[in-house]
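Engineer: return atomic coordinates for the entry below.
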Amino acid sequence: RASLSAWIVEFVTVLVFYRMPLVKTLEASAWGNLTMWTGFMVLYTGQLFGQAYRSTGLLEILLESIRSMLPSRDVEGRSVALVTLVSGFIGAFNGFATYPVTIPGLVDIGFDGVQATTSYLVYFSWTLPFNSLLIAPNISNAASHVPVMDIARVAGLLTIPLVFLSLLGFLKILGFRFFAWKSQALFWSTGLANVIAIILFTQVWPSYYILTMIGGASMSLAALYVYGRLAKRRATKESPDAAPVRPSYSAMGLFKAYAPLLLGVVIVVVTRSHSVSAWLDRFQFGVSVWGYNRISINIFTTAGFYIFVTALVCYLFRNKEAHAGKDFVVASKRSGRSIATLCVGSATVYLMVDSGQIAQLGKVLVSGGTFVYASLYPIVAFLGGMAFGQGLPGDFLFSRMQVAIAPTLGIPLVVLVGIVTVVTMGPPNALKPTQIAFTSSLANVKGRDGEIFRICLPWVMLQLVVTAILSVILVYWWK
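Structural biologist: Residues are numbered from 1 along each chain as shown. Okay, here's the model as predicted:
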């Protein structure tokens, strides 16, 4: 409703103040949605994957496997393992699917609903530029035509400190003593695992950028396994009578739980090979209407297609009876609100582009010079990320804005677009009223949205300040 209201206001604004013809206004709204086609695909297929993975019983095994690695009394270990592994393995394919798992999971461990909500909102923020098979860089690419691989490289550099800041915020909000041995072991093992994955898949092998989240989760899993073995030995010494908890799943059941995720990774890697990629390029086609520049569409190379295939694979390895048809109906209904929000948000954004509003804003910021622009535009992009639905329309809007500004200031376009991708997606996520309302409902928390906002605020501001400082450094270093 908020996004729809914004579109109506913008629609009236461009008609009255910018004198855009009614037909042109409608065309701009429709074209804005067409340019965001990858976003719609990922949002929809992400819901399909989340429903399929849950209904087939594979999610239950994944969660039990996480719990079985650690002593039952190790609250710190179970909490960190839950959010790092679920956000990595599941979030890689569908970021939205992680909230209904991690937040109730933290409540089950014994945390207050507000703690569960705020801690995960803060932690999950660093993943936003990379989850859902890098939906954000794909949207940035649609707006700027900068290759996704190059956007991921810049976003990776900016995200490295956010990994540690987000994990620190998670531990502090849950009340863990940061300098205790458990917190230190968990912080450095999982934090470094994700940072190493970012370096490997955005800097060393950037063509495999799409494996960033899965790679981080896999290394975190190995680190948590070692931590769990040590923690169990320590727990046994402290309480020799404590009986180890035996998992209910078999080795085959464990394989089934991870098989769709692993197969999804294999599909991504195979399609990145030159021969397969060249063959898939044959299915690409272009669309150009109403005088707009042509956009290229290829269903078989978009992230949404990989997620769709992974969702179907879940039924091959199902642990209990599940019906794909029924699940797809449920997922389609569930995706309606997010798709509708993206629809009106995309229409609003393109009206701002076509009417020249965003170009005018860019000229005002550019007038202050390179340093002023590099310092202020991350803040403007941050506010835009909060204002436009899921953040994707804001990402598109400000990525588009950089196309004209980059040559004016002499800054590489890839740097500005990479900064936008991080700033519009990550830090604003924990402060969005709609996001707070959704996540608090998962923890059965009522009437405490303001408290959640206040708890998240200092951590979000810290992320924004660090990102803004690094943005200035990156602009001058790359320049």
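
Engineer: the closest residue to residue 55 other than its chain neighbours: what secondary structure?
Structural biologist: Distance criterion C-beta to C-beta, 6 or more residues apart in numbering; nearest residue to residue 55, sequence neighbours excluded, is residue 322 at 4.3 Å. The way it works is simple: take the backbone N, C-alpha and C, and place the C-beta from them, glycine included. Secondary structure for residue 322, judged by DSSP: H, G, I helix; E, B strand; the rest coil, is coil.

Engineer: offset the numbering so it begins at 12, please.
Structural biologist: OK, 12 is where the count begins now, so the last one is residue 333.

Engineer: identify the residues contacting residue 333.
Structural biologist: Contact analysis of residue 333 by C-beta atoms under 8 Å, 6 or more residues apart in numbering lists 63, 66, 67, 68, 325, 326.

Engineer: look at the first one and report its pLDDT.
Structural biologist: Per-residue pLDDT puts residue 63 at 88.

Engineer: can you say which helix or strand has it in it?
Structural biologist: Element membership of residue 63, judged by DSSP states H and E, is helix 48-66.

Engineer: quick one: list the elements packing against that helix.
Structural biologist: helix 142-155, helix 314-327, helix 335-366 (3 or more C-beta pairs under 8 Å, 6 or more residues apart in numbering; DSSP states H and E).

Engineer: quick one: that helix to chain centroid distance?
Structural biologist: Centre-to-centre, helix 48-66 and its host chain are 13 Å apart (C-alpha atoms, centre = their mean, to the nearest Å).

Engineer: about what we covered before: ok, and the most crowded of the contacts of residue 333?
Structural biologist: residue 325 (30 neighbours; other C-beta atoms under 10 Å).

Engineer: and it, what is it in contact with?
Structural biologist: 60, 63, 64, 67, 69, 271, 333.

Engineer: buried set for the helix holding residue 63?
Structural biologist: Neighbour-count burial for helix 48-66, with 16 or more other C-beta atoms under 10 Å as criterion, is recorded at 48-66.

Engineer: now do that helix against helix 335-366, angle only.
Structural biologist: 150 degrees (axes from the mean of the first three to the mean of the last three C-alpha atoms, to 10 degrees).

Engineer: deepest in the core, which of the helices and strands packed on helix 48-66 is it.
Structural biologist: Greatest average neighbour count among the helices and strands packed on helix 48-66 goes to helix 142-155 (a mean of 27), per mean count of other C-beta atoms under 10 Å.

Engineer: right, and the helix or strand after it?
Structural biologist: helix 159-184.

Engineer: which parts of that following helix are buried?
Structural biologist: 159-182, 184.

Engineer: if we compare the helices and strands packed on helix 48-66, which one ends up closest to residue 27?
Structural biologist: Evaluated over the helices and strands packed on helix 48-66, closeness to residue 27 peaks at helix 335-366, with 11.1 Å, by C-beta to C-beta.

Engineer: what packs against that closest one?
Structural biologist: Helices and strands touching helix 335-366, by 3+ C-beta pairs under 8 Å, 6+ apart, are helix 13-27, helix 33-46, helix 48-66, helix 403-420.

Engineer: past that helix, which element shows up next along the chain?
Structural biologist: helix 368-377.

Engineer: list the buried residues for that next one?
Structural biologist: 368, 369, 372, 373, 376, 377.
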